[in-house]
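Enquirer: dropping a prediction and its sequence here:
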Amino acid sequence: MIVAFSVAPTEVPNAKAEMSEAVAAAIRVVRESGLPNETNAMFTLIEGEWDEVFAVIKAATAAVERVSPRVSLVIKADIRPGYSGQLRAKVDAVERHLAQDIHD
């Protein structure tokens, strides 16, 4: 499964703590998990089995909770048993179609 999620503080009581610091703490948890992942301006994507992916999301959320008493979490999942490596494969498929447009 691939899960896209966004976790961020909605309140930062400590004026010295920035939202980006809290988000970086969450992304650090994801990267240290060893699961395939990538981060863009809106979401972090992570690929793996249900229990391991959601354990990482829970830990990433806890990292943000250490900075903020209130947290926003958005999750979208592509559940496709029996498939792996889709984090890159889906993008590669689209890129192949776009490359055909250039040659047509």
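Expert: Perfect, thanks for sending it.
Enquirer: how about the strands in this structure?
Expert: Under the criterion DSSP state E, strands of the chain are mapped to 2-9, 37-39, 44-47, 71-78.
Enquirer: for the second one, which strands pair with it and how are they oriented?
Expert: When pairing is defined by DSSP bridges, strand 37-39 lines up against strand 44-47 (antiparallel).
Enquirer: ok, back up a step: in a markdown table: the strands of the chain, plus mean neighbour count.
Expert: Every residue, glycine included, has its C-beta placed from N, CA and C. What follows is the strands of the chain, written out as a markdown table (neighbours: other Cβ atoms under 10 Å):
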| stretch | mean neighbour count |
| --- | --- |
| strand 2-9 | 20 |
| strand 37-39 | 17 |
| strand 44-47 | 22 |
| strand 71-78 | 13 |
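Enquirer: is it possible to get CSV of the ones you listed that adds distance to Arg88 and mean pLDDT?
Expert: Formatted as CSV, the strands of the chain follow (distance: least, Cβ to Cβ, whole Å; pLDDT from 0 to 100):
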stretch, distance to Arg88, mean pLDDT
strand 2-9, 10, 96
strand 37-39, 9, 96
strand 44-47, 9, 98
strand 71-78, 14, 97
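Enquirer: reformat these as TSV; add distance to Ala89.
Expert: Formatted as TSV, the strands of the chain follow (distance: least, Cβ to Cβ, whole Å):
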stretch	distance to Ala89
strand 2-9	10
strand 37-39	13
strand 44-47	10
strand 71-78	12
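Enquirer: and Ala24, which of those strands is closest to it?
Expert: Ranking the strands of the chain by their distance to Ala24 (criterion: Cβ to Cβ) puts strand 37-39 first, at 9.8 Å.
Enquirer: by how many degrees do the lowest-mean-pLDDT helix or strand in the chain and strand 2-9 diverge?
Expert: Among the helices and strands of the chain, helix 86-103 carries the lowest confidence by mean pLDDT, DSSP states H and E, at a mean of 87. Helix 86-103 and strand 2-9 are oriented at 110 degrees to each other (axes from the mean of the first three to the mean of the last three Cα atoms, to 10 degrees).
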